[in-house]
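Asks: mind folding the following:
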Amino acid sequence: MTYRPTETSFGPPFLIRVPSLLYGLLAVTAVIVVLIAEGSPPTSWLFVHVVQRGLRGFMSARVFAGCLVIGAVASLLRANMRGVRVRPDGVEYRDVVSLGIPKLRRFKWAQIDRVILDAGRHVALDLWDGTRAFLPEVSDRPSLAATLEKVAHARAIPVRGGLGLDELPDAAEFDEDESEAAS
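Replies: Numbering: from 1, shown residues only. Have a look, this model is predicted:
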C-alpha cells in the first residue's frame with residue numbers, strides 16, 4: 001500500500017489578496033455613506049448630493065452601493081480561488097487566468113517524475129510527459145515544500161533542492177566516529 005497524505009491546502013499570499021480587500025473596504029464605505037445620507041436631514045449636503053442626485057441620475061445611490069458590494073464579494077472569492085492542495089491522490093492547483101477565468105490542474109502522484117524545490121519563489125513539478133508545471137505562489141511556501149518533500153520521499157519521487165528529511169550524519173563524520181571508536 002502506498003503512502004496517502006492527508007489533504008492540505010495552501011492559499012495565496014497576502015499581496016495577491018490586497019486589491020480585493022481594498023475593493024471590499026471601498027464597498028463597505030459606500031454602503032455606510034449611503035445609510036448615513038439617507039438618515040440625514042433633507043437639507044444637508046450629504047442628503048442632497050447622494051440621495052437626491054441619485055434619484056435623478058442613471059441609478060440610485062443604493063443600487064450603486066449594492067453593485068459595489070456584489071463586485072467586492074466576487075473579487076474576494078476570485079482572489080481566494082488561487083492556491084495549491086496536496087491531496088491523497090495527487091497535487092491540485094488553482095489559479096486565475098485573465099478576466100477571472102479559473103484554471104484548475106490536477107496531477108496524480110504517478111504523473112510526477114520529480115519535485116523541484118529550488119526554482120526560486122515557485123515550486124515546480126517535472127511530469128512524466130517531459131513538461132514542467134510551476135505551482136502558483138502560496139502564502140506558506142516552506143510548509144508546502146516540506147509537505148511535498150515528505151510525500152515525494154514516501155512515494156520514491158526524486159526531489160531537487162529539498163531540505164532532506166533523514167537525519168543521518170555525513171559519511172565523513174561517520175568515518176571519524178568509527179576511527180575514534182577503533183583507537
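Asks: from V51, how far out is Q111?
Replies: Going from Q111 to V51 by CB to CB, to the nearest Å gives 59 Å. Glycine gets a C-beta too; all of them are placed from N, C-alpha and C.
Asks: hang on, G83 packs against D140?
Replies: No - using CB atoms under 8 Å, G83 is not in contact with D140; the gap is 10.3 Å.
Asks: quick check: neighbours shared by these two?
Replies: F10 (CB atoms under 8 Å, 6 or more residues apart in numbering).
Asks: among the two, which residue is more densely surrounded?
Replies: When G83 and D140 are compared for neighbours, G83 comes out ahead with 21 against 13, by other CB atoms under 10 Å.
Asks: ok, now which ones touch the more buried one?
Replies: The contact partners of G83, taken as CB under 8 Å, 6+ apart, are 9-12, 93-94, 136, 138.
Asks: try 10 Å this time
Replies: If a contact means CB atoms under 10 Å, 6 or more residues apart in numbering, then G83 has 9-13, 16, 92-95, 135-139, 144 as its contacts.
Asks: could you find the closest non-adjacent residue to it?
Replies: Spatial nearest neighbour of G83, chain neighbours left out: G11 (4.6 Å); criterion: CB to CB, 6 or more residues apart in numbering.
Asks: what's the burial count for that neighbour?
Replies: When neighbours are defined as other CB under 10 Å, G11 has 18 of them.
Asks: go on, L68?
Replies: 19.
Asks: again with V28
Replies: 14.
Asks: that one: what secondary structure?
Replies: Here V28 is recorded as helix under DSSP: H, G, I helix; E, B strand; the rest coil.
Asks: wait, it sits on V73?
Replies: No - if you go by CB atoms under 10 Å, V28 and V73 don't touch, sitting 11.0 Å apart.
Asks: which strand residues bridge D126?
Replies: R114, R132 (DSSP bridges).
Asks: burial check on it, number of neighbours?
Replies: Counted with other CB under 10 Å, D126 comes out at 18.
Asks: try A30
Replies: Close neighbours of A30, defined as other CB under 10 Å, add up to 19.
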